[in-house]
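Engineer: Pasting the sequence and the predicted model now:
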Amino acid sequence: MKIQQLVSYLDELLAVNDFRDVSYNGLQVAGSSEVQKIVTACSASLEAIDEAVELGADTLLVHHGLFWRGADPRLVGNYYQRVKSLIEGKLNLVAYHLPMDAHMKWGNNAYLAHILGCDKLDYIVPSDKTSIAMRAQLLEPLTVDEIVAALCHRLDTKVTVLGNITEDMMIDDLAICSGSGSSVLDNNKCPTFQALVTGDVNEQTYHMAVETGTVVFVVGHHASEQEAMNLLGAHLAEQFGLEHFATHFAYEKNVASYTMGAGNNIVLEPDEA
């Protein structure tokens, strides 16, 4: 199929025109006019670009592209290297940001809800997709440990939990906002949800969690927005008879964490040693 056919399909599927976004959604860098093999990734990192080129792909589909409104547009340093690799590899770069967060079937938030066994999914502002974040009910209440286990296993990531947690705490009402989603709690002095699942948080999120009695599950920005892209790629492969390769980078899981040990020695945290 032609690259413009693919982009037009995705624009309509993800309702791009319904969102005001800082991302230039759609085709960001033009490569091959024909699409036969796509690679999906969360971000258009040099690692993802090089892997797509090595696999012989003609299209890289990502959530975080290279071009953003208000950002420095100069192609220097590592950004030059990324674009150079795209052009030399004749690789199309296609990106979808907020439309991918908000989609009720293929989106990042919907995927997080799915892996936790949620139903009754709606937007945080009911029926308003532009509010991006979602509200969900678990099919059955889960403990904090059970939610952590599901997130660690399905996302291949570390999970940090904020808030006052008790062993007998049961959770069945969630807010979900992938990526940098802590504003769902940070800007909400009287939250009506029990817990928030998000990618990363701000300094004030800890205090908001403790003071409002909300449990916050922090899974890592990249980890929260990777697997939905891969599912979308699989859908495109089935829909149009394309080859598809799903990347997986466990960035947050593989980051070394250090702490102060006995005798004021700096040591790796136990799970890193």
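Structural biologist: Perfect, I can see it now.
Engineer: just the strands in the stretch 151-273 of the chain please.
Structural biologist: Using DSSP state E, counting those that start in this stretch, the strands found in the stretch 151-273 of the chain span residues 160-162, 170-177, 195-198, 215-218, 243-246, 258-260, 266-268.
Engineer: before we move on, what about the stretch 1-150 of the chain?
Structural biologist: Assigned by DSSP E, counting those that start in this stretch, the strands in the stretch 1-150 of the chain fall at 26-29, 37-43, 59-64, 92-95, 118-123, 134-143.
Engineer: quick one on the thing from earlier: possible to save the strands of the stretch 151-273 of the chain as CSV with mean neighbour count?
Structural biologist: Glycine gets a C-beta too; all of them are placed from N, C-alpha and C. Formatted as CSV, these follow (neighbours: other CB atoms under 10 Å):
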stretch, mean neighbour count
strand 160-162, 16
strand 170-177, 20
strand 195-198, 27
strand 215-218, 23
strand 243-246, 17
strand 258-260, 10
strand 266-268, 11
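Engineer: Can you check which of these gets nearest to T130?
Structural biologist: Closest of these to T130 is strand 170-177, at 13.2 Å (criterion: CB to CB).
Engineer: Deepest-packed of the strands of the stretch 1-150 of the chain, please.
Structural biologist: strand 59-64 (a mean of 26; mean count of other CB atoms under 10 Å).
Engineer: The closest residue to V94 other than its chain neighbours: what's it in contact with?
Structural biologist: Closest residue to V94 apart from its sequence neighbours, by CB to CB, 6 or more residues apart in numbering: L61 at 4.9 Å. L61 is in contact with I38, V39, T40, A41, V94, A95, Y96, M229, L232, G233, L236, counting by CB atoms under 8 Å, 6 or more residues apart in numbering.
Engineer: how close does the second one get to E47?
Structural biologist: The spacing between V39 and E47, counted by CB to CB, to the nearest Å, is 12 Å.
Engineer: Measure how far stretch 119-138 is from the centre of its chain, please.
Structural biologist: Mean-position distance between stretch 119-138 and its chain equals 17 Å (CA atoms, centre = their mean, to the nearest Å).
Engineer: which residues are contacting it?
Structural biologist: Stretch 119-138 is touched from outside by 15, 18-20, 98, 101-102, 104, 109-110, 113, 116-118, 139, 171-177, 181, 184, 193, with contacts defined as CB under 8 Å, 6+ apart.
Engineer: tell me how far the ends of it are from each other?
Structural biologist: Counting by CA to CA, to the nearest Å, you get 6 Å between the two ends of stretch 119-138.
Engineer: for the record, mean pLDDT for it?
Structural biologist: Mean pLDDT, stretch 119-138: 94.
Engineer: same deal with stretch 47-65?
Structural biologist: Stretch 47-65 shows a mean pLDDT of 98.
Engineer: Export only the CA atoms of that stretch, formatted as PDB.
Structural biologist: Only the C-alpha atoms of stretch 47-65 are listed here, as PDB (Å, rounded to 0.1, in the frame of the first residue of the first chain):
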ATOM      1  CA  GLU A  47      18.000   2.800  18.800                       C
ATOM      2  CA  ALA A  48      14.500   2.300  17.400                       C
ATOM      3  CA  ILE A  49      15.400   3.900  14.100                       C
ATOM      4  CA  ASP A  50      18.500   1.800  13.600                       C
ATOM      5  CA  GLU A  51      16.600  -1.400  14.500                       C
ATOM      6  CA  ALA A  52      13.900  -0.600  12.000                       C
ATOM      7  CA  VAL A  53      16.500   0.000   9.300                       C
ATOM      8  CA  GLU A  54      18.400  -3.200  10.200                       C
ATOM      9  CA  LEU A  55      15.100  -5.200   9.900                       C
ATOM     10  CA  GLY A  56      14.600  -3.800   6.400                       C
ATOM     11  CA  ALA A  57      11.400  -1.900   7.300                       C
ATOM     12  CA  ASP A  58      10.000   1.000   5.300                       C
ATOM     13  CA  THR A  59       7.900   2.600   8.000                       C
ATOM     14  CA  LEU A  60       8.500   3.300  11.700                       C
ATOM     15  CA  LEU A  61       5.300   4.000  13.700                       C
ATOM     16  CA  VAL A  62       5.800   5.700  17.000                       C
ATOM     17  CA  HIS A  63       4.000   7.500  19.800                       C
ATOM     18  CA  HIS A  64       6.800  10.100  20.400                       C
ATOM     19  CA  GLY A  65       8.000  11.500  17.100                       C
END
